[in-house]
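Enquirer: All I have is the shape, not the residue letters:
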């Protein structure tokens, strides 16, 4: 018996995917567009960051420089140290303190020298009226400095409330 012959199999048809590879499809176009948008955003962000950096770190403008130049050099008056007995609080205590006043100008320095006996008297009375616990804390020292400024201003005659005394500083402070 003879075997029947089969017809040859038809040749495979070209795959439609091969046709799509040569022409870009919508998926490839959207990826390309996405990459372009991403690059543009990165460049815009880098440009904005560079602009901010250079404008925020630039040299001060002329107004700020002029204001800085107009500030006068501070003038200080250093008083001789004070040693006073404090009010009794569990025993005898004394205070040794150095005081420096910041004043507005050289004229005030001369005025302070003129009224130094009055100023020293007011400071001595103020210091000797304190308990050690009153002036041992930071708040107590700040209050004391305010009182020293007030005493200095009251010692100098004049109309202006400051009378040229800007502030006071403690240069030494010992309680024993």
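Expert: Done, it's in. Here the structure is a predicted model, which means the values were calculated and not measured.
Enquirer: switch to C-alpha atoms for all contacts and neighbour counts from now on
Expert: Noted.
Enquirer: which residues of the protein fall in helices?
Expert: According to DSSP state H, the chain carries its helices in the segments 16-22, 26-56, 62-70, 106-114, 116-128, 132-135, 138-155.
Enquirer: pLDDT of stretch 86-99, averaged?
Expert: Predicted confidence along stretch 86-99 averages 91 (mean pLDDT).
Enquirer: picking that back up, closest to residue 161 out of the helices of the chain?
Expert: When the helices of the chain are ranked by proximity to residue 161, the top entry is helix 138-155, at 7.3 Å, counting by CA to CA.
Enquirer: List the residues that contact residue 100.
Expert: The neighbours of residue 100, taking CA atoms under 8 Å, 6 or more residues apart in numbering as the test, are 76, 77, 78, 79, 168, 169, 170, 171.
Enquirer: separation between residue 125 and residue 148?
Expert: Relative to residue 148, residue 125 is positioned 11 Å away (CA to CA, to the nearest Å).
Enquirer: Who has more neighbours out of those two?
Expert: Counted by other CA atoms under 10 Å, residue 125 and residue 148 do not tie: residue 148 has more neighbours, with 25 against 12.
Enquirer: count of neighbours near the spatially closest residue to the more buried one that is not a sequence neighbour?
Expert: For residue 148, the nearest residue in space outside its immediate sequence neighbours is residue 123; the separation is 6.5 Å by CA to CA, 6 or more residues apart in numbering. When neighbours are defined as other CA under 10 Å, residue 123 has 19 of them.
Enquirer: for residue 127, same thing?
Expert: Residue crowding around residue 127 was assessed by other CA under 10 Å; the count is 24.
Enquirer: what's the answer for residue 107, then?
Expert: Taking other CA under 10 Å as the criterion, the count of residues near residue 107 is 10.
Enquirer: Please apply the same query to residue 40.
Expert: Other residues within reach of residue 40, judged by other CA under 10 Å, total 12.
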